[in-house]
Each structure stands twice: as C-alpha cells, then as structure tokens.
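J.: Give me the fold of what follows.
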Amino acid sequence: MASSTADDLKKTLGDLDKDSFISLLSKLIGEAKFVQNNPPDLIPQEDRVVKHVLASLLPLSTTTGGGPLLINHVTYHPGRGNVIVEYPGTVPGKVLSFVGCHMDVVTANPDDWEFDPFSLSIDGDKLRGRGTTDCLGHVALVTELMRRLAQTKPKLKSTVVVVLIANEENSSISGVGVDALVKDGLLNKLKDGPLFWIDTADKQPCIGTGGAIPWKLHVTGKLFHSGLPHKAINPLELAMEALKEIQSRFYRDFPPHDKEKVYGYATPSTMKPTQWKYPGGGINQIPFECTISGDVRLTPFYNITDVTKKLQEYVDDINENITNLDSRGPVSKYVLPDENLRGRLTISFDETSSGVACDLESRGFHVLCKATEEVVGHVKPYSITGTLPLIRELQDEGFDVQTSGYGLMSTYHAKNEYCLFSDMAEGYRVFASVISQLED
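T.: The predicted structure is shown next:
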C-alpha cells in the first residue's frame, strides 16, 4: 500500500468520477420501480440494487482476490439484503463509518410526474428519478468512495466502513434492515468511532430530528335531524372544541424549549390535526360520531411517554367535565340529561418514535462541520421535526451518530425528484475530508 498522510489523502481520493457515478446511478434508478416500499402492496427487493453495488466492488475485494475490500452481504428476508463494506485500516479499534444509505424508495406514480421516475434522466446538473435524493444517489456515492479507496489503496490508520441498508422507508415489517444488523452485533465495532448517517439533505449537518406520536381522537355524540339540533349531541362541534382545548393544554405543558435555539430547530414541538373522518349521511343529519387524526412532532428534549400520558389525562379530564367545554350557539350541548346521554372522547396512539439530538461535543460533529465549511464554503447545522427513528435507536445503543446528506430537501419524497451532480460531488469531497481529518 502507498503511504498516505492526512494532507495528501484528499489528493489521492481526488474528485467524484462523474462517468462512473452516473453509470452506477443509472442502474440503481432503473431498479427503483422494484424497490418501492409500501406493504402489503409493494415490498421492495433491495437485492436488485445490491447486485449493482457488488458488481462494482467485488472485483476489488478479498472475495475475488482483486483488492482489499471486505464485503458482507447480509440477508434476513429473501431478496432483501444489506451490504457491509470495509476498507481495513492499520490501527485496531480506530474506525469511522458511513451508514444509512438505504436501497428502498417511497412510491412514485408515473402519471403524476413530468418524466419517468424509474429511469435516470439528466437535465444539465440535475439527475432526475425516484431515489436520486432519497437515497439511491447516496448509495451510488458511497459505493464510488469505497471503489476509489480500493483502487488507490491509501494506508489508513482508520478502518472505513459503509453500511447500505434495506427497509428504511417503512417500519411495518421489522427484522430486515439496520435493526437486525444491530441486534446481531454486526455493527458493534462502529461504536468505536463516529457514525455518519447519510440520509438527509442540503449538504449541511442535520443535528436534530423530531419524535412522532400519531394520534386518533374518536368522538361520539347522538345522531339527529339538523332541524332539531337540541335533540342531538353534535360530535363535530364536540371534536373541534375538545381538540382546541387539548392543543391549548399541550402548548402550555410543552412550550418551546431553550435547547431548540441551540440546535436551530425550525419549529418547536407541535400538535395538530391532519385528517378528519365521519360515517357519512345527509347534509341535514347530525352524525353519531367522527374521528380526527393527526400527530405530535416532538423535539428530543421532551419525553414521548410523558406526552402520551398527558394527552390521555387531557381527554379524561374533558370527559369528566364535559359541561365546562365551550359550546357553539344556544342549543349546542354535549349532555342530554333527560336521555342520560353524554358525548364522549377516546384517544388512541399508533406506533411512536423518538427524536435525536446529536452530540455537539463529539469529534465526529466537529470533523463534519470542518469538512462542510472547507468544501461547501459555509457550515450551518440545522434541525427539523421530521423523523429518523432508526438513528435514535442507534444512539440509544451507544453509537455516536452524526447526520448529513447531499440531495435536496425540496425534492425529498416529492414528485419529480432530482438531485444535483455538483452537490453529490461536494459530498464526496466532504467524505474525503472527514476520512483525512480522522487520520490525525
């Protein structure tokens, strides 16, 4: 192996090979139709992506004798593999890793797109297709990084590990991706160094994410003709007033947290409705029931369990004191004493997930910031209340997780998704700088 210092390593790795990157990305986007993740209708076959990654890296691996890469294709469900790629360093226990590049995508309807989502098209700097930003573009990017390391064979102190994962976009089927890898201890040695989760966007460190509490507020009243509203309990009015009260209490008990400013959160914790359902009927009929659904997006400085407990307490208290709730007009009411009827609320929760606050004192964070400033020209870490539940699980397991990404937030999960080659090229240089800095 050629000797390498921190200063000349970046020269050795050079710039992202555009032709090679686009060639690989074209193959990956060509598989996007088959790696859409929306069970039970669409179950991805990530090994369709894996085969292209292996075609690029196996010739440079110990498997074939053609190079230094150690490659482990780990499959828990047929056709749904993960790939761990390792470029060995010389110092035992010194490691850095790029994890989180996932080989499944969200769904895309070609009828809604201005171009074919399932084949790569190029418009100047734009690389267009489902998965270019999230996350097949990153899969291609880290594959190219490992290919270049294997070709140039720099003598590194650090072992560099890339983990490509299955099943990131949907958690209804478990035991497929990074959760299974962690459970089996296959990532344990990555705890010895910074783990960079590469699945965000806009080229800046994402240092905080949100937790999510999906909720359903079911409201029962009494059905009656709308011309005789005094004989009904209107569940729609009850739902609106109750939700207003619940939200008011939520914002009183979980106000903006001081640390949100430190982390640069775009918003504080929020609770809001996003869906409304009722059983139908004529416009002259007050219905019997309705359901409002929504979510809480929670910054990581509050506890999910505390919030769900409080929400249940709010509902219980409103039910107990329902006559104290504001009503709407002179005959709007939530109790019919003569009929011994009361309106009633019940709240339920779907699967919750906790947010993440990255360690701002860790070496990994400082190295990522320095690399970003060096390559992009400025560094401005940010936080959002979008969810990345997998990284919270890694953090809880003892990994030093930092996050970044080189697609575009504006096209994340969107129609007409694209990334910019220039952004991916900068991402490659950030990775090279991170590896170089961690040699010191």
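
J.: rest of the way, CA atoms for contacts and neighbours
T.: Noted.

J.: Nearest the geometric middle of this structure, what residue?
T.: Leu388 (3.5 Å; Cα atoms, centre = their mean).

J.: mind listing what the residue nearest to it when sequence neighbours are not counted touches?
T.: Nearest residue to Leu388, sequence neighbours excluded (Cα to Cα, 6 or more residues apart in numbering): Thr209, at 6.7 Å. Thr209 makes contacts with 299-300, 355-357, 383-388, as judged by Cα atoms under 8 Å, 6 or more residues apart in numbering.

J.: how about 7 Å then?
T.: 299, 355-357, 383-388 (Cα atoms under 7 Å, 6 or more residues apart in numbering).

J.: Tell me the buried residues within those.
T.: 299, 355-357, 383-385, 387-388 (16 or more other Cα atoms under 10 Å).

J.: so of these, which ones are in strands?
T.: Judged by DSSP state E, strands contain the following of these: Ser383.

J.: Same list, the buried ones among the contacts of Thr209, but as CSV with pLDDT and distance to Pro287 please.
T.: Putting these into CSV (pLDDT from 0 to 100; distance: Cα to Cα, whole Å) gives the following:
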residue, pLDDT, distance to Pro287
Thr299, 97, 37
Gly355, 94, 38
Val356, 94, 42
Ala357, 96, 44
Ser383, 95, 42
Ile384, 93, 38
Thr385, 93, 35
Thr387, 87, 35
Leu388, 84, 39
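
J.: ranges for the strands of the stretch 51-200 of the chain?
T.: 70-77, 80-87, 95-102, 121-123, 126-128, 159-165, 194-198 (DSSP state E, counting those that start in this stretch).

J.: looking at those, which is closest to Gln45?
T.: In terms of Cα to Cα, the element of those nearest to Gln45 is strand 80-87, at 5.2 Å.

J.: now the closest one and strand 95-102, what's the angle there?
T.: 150 degrees (axes from the mean of the first three to the mean of the last three Cα atoms, to 10 degrees).

J.: Can I get the top helix by length along the chain in CSV, CA atoms only?
T.: Counting residues, the longest helix in the chain under DSSP state H turns out to be helix 235-253. Taking C-alpha atoms only, helix 235-253 is exported to CSV below (Å, rounded to 0.1, in the frame of the first residue of the first chain):
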residue,chain,number,x,y,z
PRO,A,235,-69.8,15.1,17.6
LEU,A,236,-68.2,17.5,15.0
GLU,A,237,-68.7,20.5,17.4
LEU,A,238,-67.5,18.5,20.3
ALA,A,239,-64.4,17.3,18.4
MET,A,240,-63.5,20.9,17.4
GLU,A,241,-63.9,22.3,20.8
ALA,A,242,-62.2,19.4,22.6
LEU,A,243,-59.2,19.5,20.2
LYS,A,244,-58.9,23.2,20.7
GLU,A,245,-58.7,22.6,24.5
ILE,A,246,-56.3,19.7,24.1
GLN,A,247,-54.0,21.8,21.9
SER,A,248,-54.0,24.7,24.3
ARG,A,249,-53.0,22.4,27.2
PHE,A,250,-50.3,20.7,25.1
TYR,A,251,-48.7,24.1,24.2
ARG,A,252,-48.9,25.1,27.9
ASP,A,253,-47.2,21.9,29.1
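
J.: Could you check the pLDDT of the residue nearest to Leu388?
T.: Here the pLDDT value assigned to Thr209 is 95.

J.: which residue ranges form the helices in this protein?
T.: 6-13, 18-29, 47-57, 136-152, 178-183, 235-253, 258-263, 304-320, 363-376, 389-396, 421-437.

J.: Just put the ones you listed in CSV and tack on mean pLDDT, distance to Asp123 and mean neighbour count.
T.: Below are those laid out as CSV (pLDDT from 0 to 100; distance: least, Cα to Cα, whole Å; neighbours: other Cα atoms under 10 Å):
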stretch, mean pLDDT, distance to Asp123, mean neighbour count
helix 6-13, 88, 27, 17
helix 18-29, 98, 13, 19
helix 47-57, 98, 24, 20
helix 136-152, 98, 16, 23
helix 178-183, 95, 34, 18
helix 235-253, 98, 46, 18
helix 258-263, 96, 36, 14
helix 304-320, 98, 44, 16
helix 363-376, 98, 22, 19
helix 389-396, 88, 33, 19
helix 421-437, 98, 10, 22
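
J.: ok, the residue lying closest to His73 once chain neighbours are set aside - contacts?
T.: Excluding the flanking residues, the one nearest His73 by Cα to Cα, 6+ apart is Val83, at 4.6 Å. Counting by Cα under 7 Å, 6+ apart, Val83 touches 72-74, 163-165.

J.: now the residues you listed: which count as buried?
T.: Buried members of the contacts of Val83, counted by 16+ other Cα under 10 Å: 74, 163-165.

J.: Asn170: which of the helices of the chain is closest?
T.: The nearest among these, by Cα to Cα, is helix 389-396 at 10.8 Å.

J.: between that closest one and strand 194-198, how big is the angle?
T.: Using the same axes, to 10 degrees, helix 389-396 lies at 180 degrees relative to strand 194-198.

J.: returning to that earlier point: distance to His378 added to the strands of the stretch 51-200 of the chain, as CSV?
T.: Formatted as CSV, these follow (distance: least, Cα to Cα, whole Å):
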stretch, distance to His378
strand 70-77, 35
strand 80-87, 30
strand 95-102, 22
strand 121-123, 27
strand 126-128, 22
strand 159-165, 26
strand 194-198, 19
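
J.: ok, back up a step: and which of the buried ones among the contacts of Val83 is nearest to Val315?
T.: Ile165 (40.3 Å).
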